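Visitor: please find the sequence and the predicted model below.
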Amino acid sequence: MADSGSNNNTPTGNGVFYFRMSKGAKAWTKKYRTEIAASSSSVLSTFAAFPLDFAKSRMQSYNTTFTATVKDAYKAEGLRAFWRGVLPPMISVTVVRTISFSIYQRAKYTADEAIERMTGKSPLALANATNSYPNIYTLSCFGSAGALSGAVITLVSCPFELTKLNEQLAGKILRDCEAAKEAAIKANKPPPPPPIGDLHKTGSLHTARRLIRERGISGLYSGYRLHLTRDTIGTAIYFMTYESAKQLLANARGREPTSPYAVVIAGGLCGIVSWACIYPIDVAKTLYQKQLLQAGKNETVRPPIKFFQFGSYRGKFPRHFQPFCTIINTDSAPK
């Protein structure tokens, strides 16, 4: 007779895919659900969207079309070029987004308390109420929290983004430098200064060491003012759009704020709206950092930010597809 103790509905744990979380692990996961969601989605979204980011950087730097950029890179550098340098961003973006969402979550509640003390109205309570709509209180709360998050995180993200840009542009810069050198030799002129970093041997650490050697520690923060401006404004718009879109699509219609379709639509919309607003700043930053990477020790002039001009929106086509690769359900609805 079979042992009656073995005849129960409790899983034995011998299955290949069986896994049971302890109560402590469940509590920890619930407490840090924002950080876990942001970090895990960052790895997948960064890898999936990296070819689009590669095309955007090349189009911004060389004012080419999407098709011409892809054909040129594939023909001269192969398929691997589209993921060149993807590993460091996968690591850094995970850290950056996790910290960014953590700062935002804490700043959101701090801003809510401050606004409630001054006005007697709680933005989070208003945003979470059924049949409610975005207003000046909710926009101020989400916008200020997002701006703080974006500003603080630039201290971490700027060096990583600069070295990532170097790897994305390295192949094209190398070809341009070799062509310029050959032209100078034929014209009996001195060759142009070598670019920062050995473009035959790329890598974030290698580029960072060369930047420090050429320009000191501040070299890692080349273009920081433009980076700070872009991320402060962009992150504020990002979270205002995200939270307001969820409110309009869910709470205003009497649904839960974490309604799946509301989160998906809001996640894509906030990326499109924020990047549409700050894209000229990003173009100016890319051009300036590209000049620094090519100039060596020579000084470069910071390009002006030009809104509502055609050249200031080059590379916008692939960039608008990236938000849909980076939709994140962070469960950050006001509670």
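Guide: Okay, I see it. Nothing here was measured: the structure is a model prediction, and the numbers come from that model.
Visitor: residues near Thr119, how many?
Guide: The tally of other residues near Thr119 (other Cβ atoms under 10 Å) stands at 12. The C-beta positions use only the backbone N, C-alpha and C, and glycine is treated the same way.
Visitor: what do you get for Thr235?
Guide: 26.
Visitor: now Phe50
Guide: Once other Cβ under 10 Å is used to define contacts, Phe50 is seen to have 22 neighbours.
Visitor: please apply the same query to Gln309.
Guide: 9.
Visitor: report the contact partners of it.
Guide: Residues counted as contacts of Gln309 (Cβ atoms under 8 Å, 6 or more residues apart in numbering) are Pro280.
Visitor: poorly predicted segments of the stretch 1-150 of the chain, please.
Guide: Applying pLDDT under 70 to the stretch 1-150 of the chain picks out residues 1-19, 34-35, 38.
Visitor: go again with 80.
Guide: Flagging of the stretch 1-150 of the chain using pLDDT under 80 yields the residue ranges 1-23, 25-26, 29-42, 85, 87-89, 91-94, 97-98.
Visitor: mind listing what's buried in stretch 224-239?
Guide: By 16 or more other Cβ atoms under 10 Å, the buried positions in stretch 224-239 come out as 224, 226-239.
Visitor: actually stretch 57-66, not the one I typed
Guide: Neighbour-count burial for stretch 57-66, counted by 16+ other Cβ under 10 Å, picks out 57-62, 64, 66.
Visitor: sorry, back to before: can you flag which of the buried residues of stretch 224-239 belong to helices?
Guide: Counting by DSSP state H, these place 224, 226-239 in helices.
Visitor: now tell me what touches stretch 284-304 from outside.
Guide: Contacts for stretch 284-304 (Cβ under 8 Å, 6+ apart): 57, 60-61, 162, 165-166, 169, 173, 177, 193-197, 214-215, 222-223, 225-227, 230, 305-306, 312.
Visitor: just the buried residues out of these, in PyMOL syntax.
Guide: To isolate the buried ones among the contacts of stretch 284-304 in PyMOL, judged by 16+ other Cβ under 10 Å, type:
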select buried, resi 57+60+61+162+165+166+169+173+177+195+196+197+214+215+222+223+226+227+230+305+312
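Visitor: quick one: the helices in the chain?
Guide: Going by DSSP H, the chain shows helices at 23-31, 33-62, 66-77, 87-119, 123-128, 136-186, 204-215, 224-249, 260-295, 316-321.
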